[in-house]
Every structure is written in C-alpha cells, then in structure tokens.
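Trainee: Below is the structure, and that's it, no one-letter string:
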C-alpha cells in the first residue's frame, strides 16, 4: 500500500512536469528551470514520506491501545458452607455473651462516671465546710472582741459613777437639840448654826422628822437617827 501511494504521487508529479516545464519555459529563462523542478520534487517527496510515517505511527499507536485494554477477570464466587444447627447455636450464644459483656462494660463506665461525679461533689462540700469553718472562726473572734470592748466600756462607765458617789459622800453635820416643845424643835450645829423643824420636815443627811419627844428632849428621823441635847447642855 505504501509503495503504491508513493508511485501514484511520483506519476502525478511526472505528469505535471511537461505543463510546468512549458509554463516556465515561456515565462522564465532556460538556465533556472532544472533547479526549480528538483526543489519541488524533493519537497513533495519528503512531505509524502513524512505523511506516510505519521499514518503508520498513528495506526501502531491505536492498535497497541486496543490490544492493551484487557477485560477484568471475573472472580469466582465460592459457595458458603452452611453451618450446622449446633454451630449456629454456639454463634448465637457467643453473640449474646458479647452483647452482655458490652452492657457490663458500659455499666461499669457509668458507675465510674457516677463515682467521679460524687467525688467532685464531695470535694466541693469539703471546700464549703472549710470555708464555713473559717468564717465561724472569724465570727468567734469578732464576738470575743465585742465582749472585750463591752467590758472595757462598762468598766469605763462604772469608774466615773464611783467617783461621783465618792464625791457626794460628804460627811453630814452633827446637830444637837437647842430647844424643844411639843411639835417643834430647834437644832444647832457645832459651828453655832441654828434651824427649826417640825414633824414631817426633812433634814439633809437624816431624812424626815418623824417624832418629837419633848419630855426626853430627843427627836427621831426616818433614817433612824436620834438627836438629843449636847453633852455640855446636860
């Protein structure tokens, strides 16, 4: 086939030579005609040869691709052996045992989680108790400080009262009967001060005058004090 195509191309160019030669002989000078023909023939021959090589290479490439694609091998399916009834029962027992073990493992995980949560709650309770103990100790300290302050305040308040009482404890004057009649008495002090009282009158340091005994020359006060004549007047 290749040789035949080559010959046909050569004949085509051979048939065209007289026309081309006649044309060039009429238009061009005689010395340039052989060189132009040679160039044209060489170019046509080379182009035809390259074209043939391209067709041949394409054919080889396509044939190689078609032959290279192989159909995948079909694997034979092996028949599955049937289990006996006893073996099937064993498989079922194994599955149930596995399921029970899974349940037990899950239950153990749940118990561990519960224990961890309880430990966390216990830790929080212990922390709360520690905080409460600290707060209680602080409250006790505050109460003790308040008691100490109260005692100090009470002592500071009692001291001035004692001083005031001591200041008020002025020695009462000593009185003597100067003159006495029923219902009336005249009293005098060592300094010579004289005053008169009747039943029901009040005398500082002695109380209220309760009775006047003119016969005995004495008077009695509500405080229990009894005033009579001076020893010098008796």
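Mentor: Here it is on my side, so go on. Since we're looking at a predicted model, the values are computed, not measured. Numbers count the residues shown, from 1 in each chain.
Trainee: Could you report the neighbour count for residue 227?
Mentor: 21 (other CB atoms under 10 Å). Heads up, the C-betas are built off the backbone N, CA and C, glycines and all.
Trainee: average model confidence for the top helix by length along the chain?
Mentor: The residue-count maximum for a helix in the chain (DSSP state H) belongs to helix 85-168. Averaging pLDDT along helix 85-168 yields 82.
Trainee: continuing past that helix, what's the next helix or strand?
Mentor: Scanning forward in sequence from helix 85-168 by DSSP states H and E, the next helix or strand is strand 175-181.
Trainee: For that following strand, which helices and strands make contact with it?
Mentor: Counting by 3 or more CB pairs under 8 Å, 6 or more residues apart in numbering; DSSP states H and E, the packing neighbours recorded for strand 175-181 are strand 184-189, strand 218-221, strand 226-227.
Trainee: which residues are contacting the second one?
Mentor: Strand 218-221 has contacts (CB atoms under 8 Å, 6 or more residues apart in numbering) with 177, 180, 185, 187, 197, 203, 206-213, 226-228.
Trainee: what helix or strand is residue 211 on?
Mentor: Per DSSP H and E, the secondary structure element for residue 211 is strand 207-213.
Trainee: helices or strands up against that strand?
Mentor: Using 3+ CB pairs under 8 Å, 6+ apart, strand 207-213 sits against strand 184-189, strand 194-198, strand 202-203, strand 218-221.
Trainee: do that again at 6 Å, thanks
Mentor: strand 218-221 (3 or more CB pairs under 6 Å, 6 or more residues apart in numbering; DSSP states H and E).
Trainee: Name the strands paired with the strand it packs on and say parallel or antiparallel.
Mentor: strand 207-213 (antiparallel), strand 226-227 (antiparallel) (DSSP bridges).
Trainee: Please convert those to JSON lines, extending it with distance to residue 219 and mean pLDDT.
Mentor: Shown next, in JSON lines, are these (distance: least, CB to CB, whole Å; pLDDT from 0 to 100):
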{"stretch": "strand 207-213", "distance to residue 219": "5", "mean pLDDT": "93"}
{"stretch": "strand 226-227", "distance to residue 219": "5", "mean pLDDT": "92"}
